[in-house]
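Enquirer: just coords:
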């Protein structure tokens, strides 16, 4: 049976094209209960990106919570998507918003929240929370 998922079961090496367009990594599958509201939560404690000014690594725990509509994001593709930011210079606010935008464009959820809890650097920790609600 073909599911159309290409990341699941495959190698975890990203191409240059995927790194240039991270959204292309994300894959989705049909929601098994589209008539019911239920929440999906993913916690990724090993997110890294780079400070675009200093080039120093930024470490974060990312939490994605959403109520799916017709589609659910495939977990391995989400992990590989997060990996695509490892060598990208991007501010906390920009990466958290980009993740929300890319996930909303991929799965069109009823509601979604992305929380980036960035580790202490320079004596300060930062938490960025972005939300989407299809009703608004």
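Expert: Yep, it's here. Just so it is clear, the structure is predicted and the values come from calculations on it, not from any experiment.
Enquirer: And the helices in the protein, which stretches?
Expert: Using DSSP state H, the helices found in the chain span residues 16-20, 75-83, 92-107.
Enquirer: which stretches of this structure have low pLDDT?
Expert: Low-confidence regions of the chain, defined by pLDDT under 70, span residues 1-3, 7-11.
Enquirer: Geometrically speaking, which residue is the centre of this protein?
Expert: When Cα atoms, centre = their mean is applied to the chain, the residue found nearest the centroid is residue 99 (4.7 Å).
Enquirer: Please name the nearest non-neighbouring residue to that one.
Expert: In space, not counting the residues next to it along the chain, residue 99 is nearest to residue 114; the distance is 5.1 Å by Cβ to Cβ, 6 or more residues apart in numbering. C-beta here means a position set from N, CA and C on the backbone, and glycine is covered the same way.
Enquirer: these two touch, right, the one you found and residue 130?
Expert: Yes: under the criterion of Cβ atoms under 8 Å, residue 114 makes contact with residue 130 at 5.2 Å.
Enquirer: of these two, who's got more company?
Expert: Each of residue 114 and residue 130 had its neighbours counted (other Cβ atoms under 10 Å), and the higher figure belongs to residue 114 (25 against 17).
Enquirer: distance of that one from residue 104?
Expert: As judged by Cβ to Cβ, to the nearest Å, residue 114 and residue 104 stand 10 Å apart.
Enquirer: end to end, how far does stretch 81-97 reach?
Expert: Taking Cα to Cα, to the nearest Å, stretch 81-97 runs 14 Å from one end to the other.
Enquirer: residue ranges of the strands in this protein, please?
Expert: Along the chain, the stretches classed as strands by DSSP state E are 28-30, 40-50, 57-67, 71-73, 111-121, 124-133.
Enquirer: quick one on the thing from earlier: list the residues that contact the residue nearest to the centre of the chain.
Expert: With contact set as Cβ atoms under 8 Å, 6 or more residues apart in numbering, residue 99 has these partners: 62, 64, 82, 114, 116, 130.
Enquirer: Tell me how far it lies from residue 84.
Expert: With the distance defined as Cβ to Cβ, residue 99 ends up 11 Å from residue 84.
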